[in-house]
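Q: Pasting the sequence and the predicted coordinates here, then a few questions.
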Amino acid sequence: METAILKRFGLRPTEAREAVLRVLYRAGRPLTNPQIRACPGMEEMDKVTLYRTLYALEEAGLVHQVQGMDGAWHFCAHRPSQKGCPGDHPHFLCTGCGRMECLTSQSLPYVEVPRGARVRGKQLVVYGLCRECAKIEDEGA
């Protein structure tokens, strides 16, 4: 499946590109570089290869970056014409555990940009506590 998607987006299928897409698709949520490298089968991929692969996937429109509160970039894979990350959408970041989720059922709000400006990307991250962290906080109170 990853091979076909890469070809459709004009990228040469490589082991690294297929592996990174597979990991992001299976995760179903944005992951940081260390989280990607911690996935089974990814331990052997060096950091430079991972960064170059993510950059190529982003340039092709298959991945986008979302910045977390700590400044770490999370990578979210688009899954064209299938269930998954559709592209521009808000994200939820838990300030307790750091887990980020795609809010794919919602769209980004309309924002009017200055006349003549070119939009290069959009990002909205909602911060708060996930259900599990809120429960822990409530039990501790």
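A: In hand now; what should we look at? Just so you know, these numbers come straight off a predicted model, no measurement behind them. Residues are numbered from 1 along each chain as shown.

Q: Which residues does the most centrally placed residue in the chain form beta bridges with?
A: With distances taken as Cα atoms, centre = their mean, Cys76 lies nearest the centre of the chain, 1.5 Å away. With DSSP bridges as the criterion, Cys76 is bridged to His64.

Q: tell me the pLDDT at it?
A: Cys76 carries a pLDDT value of 88.

Q: got the contact list for it?
A: 24, 29-30, 63-66, 85, 91, 102 (Cβ atoms under 8 Å, 6 or more residues apart in numbering). For every residue, glycine as well, the C-beta is placed using N, CA and C.

Q: Among the residues you listed, which one is most surrounded by other residues?
A: Leu24 (27 neighbours; other Cβ atoms under 10 Å).

Q: Excluding sequence neighbours, find me the nearest residue to that residue.
A: Residue nearest to Leu24 in three dimensions, not counting chain neighbours: Ala77, with 3.5 Å by Cβ to Cβ, 6 or more residues apart in numbering.

Q: Wait, that neighbour touches Tyr25, no?
A: Yes: with contact defined as Cβ atoms under 8 Å, Ala77 reaches Tyr25; the gap is 5.7 Å.
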